[in-house]
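>>> build me a model from this:
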Amino acid sequence: MFQNQEFTIYIIDKGDILRFIVIEIIFGTMTYSLAMQLFHNFILASAGGWAGTEGLKRLVTMKKGIAK
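So this is what the prediction gives:
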């Protein structure tokens, strides 16, 4: 039935996991809390937390691109 018996191994570095925890969880919580204090609205605070996290990730990506 299956002719191809190959499988793929994905290697995840410890640094990638830590970066995910710091950026997504810690920074996301901080930006959500800040937006909640500013707007006093769940929807706007959620959008602010998402925008802050995505903005930080794109800023880091741009910084790496400029440094090359």
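>>> mind listing what's buried along stretch 49-56?
The neighbour-count check on stretch 49-56 (16 or more other Cβ atoms under 10 Å) flags 49, 52-53, 56 as buried. (C-beta placed from N, C-alpha, C; glycine too.)
>>> tell me which element residue 53 falls in.
Element membership for residue 53, per DSSP states H and E: helix 42-67.
>>> what mean pLDDT does that helix have?
Average pLDDT, helix 42-67: 90.
>>> name the helices or strands packed onto it?
Packing partners of helix 42-67 (3 or more Cβ pairs under 8 Å, 6 or more residues apart in numbering; DSSP states H and E): helix 28-39.
>>> so what does the helix it packs on touch, helix or strand wise?
With contacts taken as 3+ Cβ pairs under 8 Å, 6+ apart, helix 28-39 sits against helix 42-67.
>>> now do the contacts for the residue most central in space within the chain.
Ranked by distance to the mean C-alpha position of the chain (Cα atoms, centre = their mean), the top residue is residue 24 at 4.1 Å. Going by Cβ atoms under 8 Å, 6 or more residues apart in numbering, residue 24 touches residue 53.
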